[in-house]
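Visitor: Just the structure for this:
(chains A, B, C and D)
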There are 2 protein chains.
Amino acid sequence: MKTPSSSIQDYLKAIYELAEECAPEPVTTSLLADRLGLARPSVTGMLQKMASTKPGLVEYLRYQGVRLTPAGEKVALEVIRHHRLIESYLSEALDFPWDEVNHEADQLEHVISEALEDRIAQKLGYPELDPHGQPIPARDGTINKRQEIRLSELPEGSVAVVCRVSDQDPAILRYLDQIGLRLSTPIEVTDRGPFDGPLHVRVAEEPTTHALGRSVTDRVYVLQAEEASRSSTNG
Amino acid sequence: MKTPSSSIQDYLKAIYELAEECAPEPVTTSLLADRLGLARPSVTGMLQKMASTKPGLVEYLRYQGVRLTPAGEKVALEVIRHHRLIESYLSEALDFPWDEVNHEADQLEHVISEALEDRIAQKLGYPELDPHGQPIPARDGTINKRQEIRLSELPEGSVAVVCRVSDQDPAILRYLDQIGLRLSTPIEVTDRGPFDGPLHVRVAEEPTTHALGRSVTDRVYVLQAEEASRSSTNG
DNA sequence: TCCATAAGTTAGGTAAGACTAATAATGGAA
DNA sequence: TTCCATTATTAGTCTTACCTAACTTATGGA
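Guide: Numbers count the residues shown, from 1 in each chain, chains lettered A, B, ... in the order given. All right, here's what the predicted structure looks like:
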């Protein structure tokens, strides 16, 4: 199969990530448009084109959305592998801060060769997690999923360890870094307001608590007690 | 000034390199088409577009060719800086062989950010030469030119040091590597046939000589005695 | 000097991939 | 069950950068 064009790769990646994050299956046209920063009709057009000219990658359901086929998911995971390896490399080898690597990797992921990817993976010692704790798919398209839950779903009083943070919003990443909430950091939910109000979280050894809104707590994933001990985090 | 599109950057770079290599000023449409792997009418069209929509970058002379203005040359040198820094990084940090870095860098040079370029330059210790001995332009667009001459212009019997090799043809680079002709290698012209026949060259300490055709000797640059001592080569 | 050939340009077309404005389907509330 | 707001799609353009075929200019021998 010929390598799909850069634009199609972006669509596949976005579909995969949205499906994983919010799971309104099938993934909706406007959600995709928002994520990609495109007008909705552009997305409709592209989805129809993908469904007709690359049969077998996506399943497009008129007025409902789009779903990846196993083949489409494999392509998406290849792109994501590139992306996360590049993020890791930028962070490890070139000291990029974790809020900048996503943007940079978005550009690089489409032009990197397999040979370069191999060298990078080798130099890094074949890492399994990127700088945000996101699992790096293997070359064969398999990916390790852990028993992580969203910080927003953590019950009051419970203690857990941060294991993964969405890399989408640099501002959030900068904020998390600033309050000391990084990968492997143990945290405690000291207070959840009613419904989906802000969560009060105490970080590691520090005395102060921070009130975190939904935009943050939905993008931070944690491992609870037992699960945490089974898995070690690395960049 | 907005960053010229990737395609325009390729044209500017190619114009600069062709002018430097062969100097039929102005650079001819078909030379450009060959270098870029495009049909001639495509090049004509692009040159006209550049001349009209980006005035000040190139001077286009109908039926004659194209020349860079100082501003156009500056943009070209920025692209070339990206390219050569990337080549250097791939070679130094990721152990890429010198015949592969050009191709890889062609892809990467358009998507690398200034921030990433800076990190790379810093990690490498601000190198002045790329893996082929080509000077890396400074950020302000200045470039160091040495008193190099083509191997094909070296008189019979003279001894010189290889200081630069064109990175355009991977096969030539592999061949040179194979016969031991690398940067800083001293060589001697043992015999030049009549006119532009093959040059017989002896490499460093080795006894055997090699007959090199014009396609090679025009792409290898050397420094003679005095000049060689003024300049040291590094990757 | 003339003309064949090489080199360059014009004309017209295609493919991606995006956009806006207008139209149609969907689904929740009254 | 009807209606309306939301969401999705169609229709029609635009831009970029390429292509081929046909035509034009330039050039260097006879």
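
Visitor: Residue ranges of each domain in chain A, please.
Guide: Recorded structural domains for chain A (assignment: automatic domain parsing) are A:6-68, A:149-230.

Visitor: Contacts (any at all) between chain B and the shortest one?
Guide: No - with Cβ under 8 Å from any Cβ of the partner chain as the criterion, chain B is not reached by domain A:6-68; the gap is at least 10.2 Å. All C-beta atoms are positioned from the backbone trio N, CA, C, and that covers glycine.

Visitor: Is that domain positioned near DNA strand C?
Guide: Yes - judged by Cβ under 7 Å from any atom of the strand, domain A:6-68 and DNA strand C are in contact via A:6-8, A:37-39, A:41-42, A:45-46, A:49, A:53, A:63.

Visitor: Tabulate the residues you listed (TSV), appending secondary structure and pLDDT.
Guide: Listed next are the residues of domain A:6-68 next to DNA strand C as TSV, based on DSSP: H, G, I helix; E, B strand; the rest coil; pLDDT from 0 to 100:
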residue	secondary structure	pLDDT
A:6	helix	77
A:7	helix	93
A:8	helix	96
A:37	coil	96
A:38	coil	97
A:39	coil	97
A:41	helix	98
A:42	helix	97
A:45	helix	97
A:46	helix	97
A:49	helix	96
A:53	helix	90
A:63	coil	95
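
Visitor: Out of these, flag the one nearest to residue A:113.
Guide: Here the nearest of those to residue A:113, counting by Cβ to Cβ, is residue A:6; it sits at 14.0 Å.

Visitor: excluding its backbone neighbours, what's nearest the closest one?
Guide: The shortest distance from residue A:6 to any residue other than its chain neighbours is 4.2 Å, reached at residue A:110 (Cβ to Cβ, 6 or more residues apart in numbering or on different chains).

Visitor: list the contacts for the one you found?
Guide: Under the criterion of Cβ atoms under 8 Å, 6 or more residues apart in numbering or on different chains, the neighbours of residue A:110 are A:6, A:9, A:79, A:82, B:111.

Visitor: Just the buried ones among these, please.
Guide: With neighbours counted using 16 or more other Cβ atoms under 10 Å in any protein chain shown, the contacts of residue A:110 contain these buried positions: A:9, A:79, A:82, B:111.

Visitor: Go through those and flag which are in helices.
Guide: Taking DSSP state H as the definition of helices, the buried ones among the contacts of residue A:110 contribute A:9, A:79, A:82.

Visitor: hmm, back to that, quickly check the buried ones among the contacts of residue A:110 for the two that are furthest apart.
Guide: Among the buried ones among the contacts of residue A:110, the pair separated by the greatest distance (Cβ to Cβ) is A:79 and B:111, at 14.7 Å.

Visitor: Around DNA strand D, which positions in chain A sit nearby?
Guide: Where chain A comes near DNA strand D, counting by Cβ under 7 Å from any atom of the strand, the residues are A:28-30, A:40-41, A:43-45, A:47-48, A:62-63, A:65.
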